[in-house]
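**Q** need the 3D shape of this:
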Amino acid sequence: MALVLPFPAIDPVLVTIPLGVIDLPIRWYALAYLAGLFIGLVIVRRLVARPALWPGEAPPMTREQVESLLTWMVFGVILGGRLGFVFFYQPAYYLANPGEILQVWSGGMSFHGGFLGVILAVIAFCRLNRAPLMQVADAVAVATPAGLLLGRIANFINGELWGRPTDAPWAMVFPGAGPEPRHPSQLYEAGLEGLLLLVLMLWLAFRGGWLRRPGMLTGLFFIGYGLARAFVENFREPDAQFVTAANPEGHVIPLFAGLGFTMGQALSLPMVFVGLGFWAFARRR
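**A** Numbering: from 1, shown residues only. The predicted structure follows:
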């Protein structure tokens with residue numbers, strides 16, 4: 001216990017604004033979403049402002065269309081994230097309580113659901129604006145890790161999605177997680193699927209010439225996120241709804257000798273193969 005790091009007790013609510021009979025809390029998590037979207041907007045704008053980065057020196061969008069795309073993506077990530085949580089993690093509960101499905105404010109969002117929502121939003125945007133899908137997808141892929149980085153830091157501030165018990169010297173005791181020291185797995189995810197992937201994507205987009213090969217950066221995002229999330233799942237506390245006395249590891253796909261895949265791994269590992277498919281498509285073109 002002497003090696004356990006103290007958990008930084010940061011209030012999840014940055015400030016509360018009184019509005020007559022009600023108070024409006026401004027939460028770090030909401031600010032992380034907004035900041036991630038703003039940073040993503042800036043990155044995509046910078047990309048489309050440099051024609052030399054794109055095939056034929058022709059960016060796939062105008063600056064005005066980038067703002068329109070952001071609006072589509074906001075709706076996609078909110079609706080997809082919520083519905084993904086409902087159907088991937090607690091379908092029985094929400095089928096019994098359908099009135100709570102759209103209560104986003106009560107908590108419960110899924111990255112994979114939000115990601116599917118963004119994919120559908122990007123496809124709809126490209127069809128409506130007759131924009132090249134693969135090039136728009138590459139631009140979005142470059143910007144996405146910034147939001148993941150801030151979102152995972154917000155998870156850490158909230159003291160949620162903590163890791164498994166450990167005796168590592170950087171372990172922390174999270175409020176509400178019992179007395180056992182645990183992995184700060186939110187920070188592992190912030191570092192891998194956020195910071196590391198963001199730096200790599202930015203370098204390859206601005207310096208590596210990968211935007212000239214439509215689909216390459218989209219494939220890299222699928223592969224990078226899929227591997228990072230599947231790896232960190234080994235240190236993250238399994239979802240409680242899948243944990244039983246016979247299945248303490250929370251595997252949704254059991255294999256043998258206590259091994260198997262968690263829900264996070266079952267949803268993330270196929271992304272690696274999808275990413276490889278994008279690379280094969282880009283190389284053939």
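
**Q** would you mark the buried spots in the helix or strand that contains A92?
**A** Using DSSP states H and E, A92 sits within helix 91-96. By neighbour count with 16 or more other CB atoms under 10 Å, helix 91-96 contains the buried residues Y94. From N, CA and C alone the C-beta is placed, and that goes for glycine too.

**Q** helix or strand right after that helix?
**A** helix 111-129.

**Q** roughly how far out does that next one sit from the chain middle?
**A** Distance, stretch centre to chain centre, for helix 111-129: 14 Å (CA atoms, centre = their mean, to the nearest Å).

**Q** only C-alpha atoms, please: export that helix in PDB.
**A** Extracted in PDB, the C-alpha atoms of helix 111-129 (Å, rounded to 0.1, in the frame of the first residue of the first chain):
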ATOM      1  CA  PHE A 111     -17.200   4.100 -28.300                       C
ATOM      2  CA  HIS A 112     -18.000   1.400 -30.900                       C
ATOM      3  CA  GLY A 113     -21.600   2.600 -31.200                       C
ATOM      4  CA  GLY A 114     -20.500   6.200 -31.600                       C
ATOM      5  CA  PHE A 115     -17.900   5.100 -34.100                       C
ATOM      6  CA  LEU A 116     -20.600   3.400 -36.200                       C
ATOM      7  CA  GLY A 117     -22.700   6.500 -35.900                       C
ATOM      8  CA  VAL A 118     -19.900   8.600 -37.200                       C
ATOM      9  CA  ILE A 119     -19.300   6.200 -40.200                       C
ATOM     10  CA  LEU A 120     -23.000   6.500 -41.200                       C
ATOM     11  CA  ALA A 121     -22.900  10.200 -40.800                       C
ATOM     12  CA  VAL A 122     -19.800  10.500 -43.000                       C
ATOM     13  CA  ILE A 123     -21.300   8.300 -45.600                       C
ATOM     14  CA  ALA A 124     -24.500  10.400 -45.600                       C
ATOM     15  CA  PHE A 125     -22.500  13.600 -45.800                       C
ATOM     16  CA  CYS A 126     -20.500  12.400 -48.700                       C
ATOM     17  CA  ARG A 127     -23.500  11.200 -50.700                       C
ATOM     18  CA  LEU A 128     -25.400  14.500 -50.100                       C
ATOM     19  CA  ASN A 129     -22.300  16.600 -51.100                       C
END
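
**Q** buried ones in it?
**A** Quick answer for helix 111-129 (16+ other CB under 10 Å): 111-119, 121-122, 125-126.
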